[in-house]
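>>> 3D, please:
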Amino acid sequence: MSASLRAATEADIDTLFDIRTSVIQNHLSMQQLSDLGITAATLAEAVRSGTSAWIAELGGTAAGFAMVDTDAGEVFALFVRPEFEGRGLGRLLLNEAEKALFRHHDRIWLVTDGHAHIRANGFYLHLGWSFACRVDERDVRYEKALPRH
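So this is what the prediction gives:
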């Protein structure tokens, strides 16, 4: 069964939250997301204002998503439902996010939980991202430069 990508729309907001709150590592509840200012209204506004977002589907199920802030050059979100991990969806989503950002930036970035047990750290390093700095006691920043051919 092969995965497909499609652009996320405002109609997908509930699906994005469902995927985001399904993850085990770096889990946040709806209340925690709201406390961070991430609500249905802010996501809808982001999608309307040109934030690029994609949903990875496998077997007709929305299995993961990625969002980028094109202006900032940031991969803002990348999450895959636990039952779909290990099937290449994260890599597929990250490749799409990188392509979109590298159209506008020579260097792109993301922030994630930097604890050693968080698998995302190894994932990003494996895919050519470099540790840039510690953001705070929990989060770290990774960066990736536009490949030169």
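>>> in this structure, which helix has the most residues?
For the chain, the helix with the greatest residue count under DSSP state H is helix 89-102.
>>> Residues contacting that one, please?
Helix 89-102 has contacts (Cβ atoms under 8 Å, 6 or more residues apart in numbering) with 3, 5, 52, 54, 56, 58, 63-68, 70, 73-75, 78, 80, 108, 123, 127, 144, 146. Using the backbone N, CA and C atoms, a C-beta is placed for each residue, glycine as well.
>>> Please enumerate the strands of the protein.
3-7, 52-58, 61-69, 74-80, 107-113, 130-134, 139-145 (DSSP state E).
>>> Which elements pack onto the fourth one?
By that I understand strand 74-80. helix 13-20, strand 61-69, helix 89-102, strand 107-113 (3 or more Cβ pairs under 8 Å, 6 or more residues apart in numbering; DSSP states H and E).
>>> show me what contacts residue 35?
Applying Cβ under 8 Å, 6+ apart, no residues qualify as near residue 35.
>>> what number of residues lie near residue 104?
For residue 104, the count of nearby residues is 12 (other Cβ atoms under 10 Å).
>>> likewise residue 23?
Here the number of neighbours of residue 23 (other Cβ under 10 Å) works out to 16.
>>> Give me the pLDDT for it.
Residue 23 is assigned a predicted lDDT (pLDDT) of 88.
>>> now it, nearest residue through space, not along the chain?
If the residues on either side of it in the chain are set aside, residue 23 comes closest to residue 79, at 5.3 Å by Cβ to Cβ, 6 or more residues apart in numbering.
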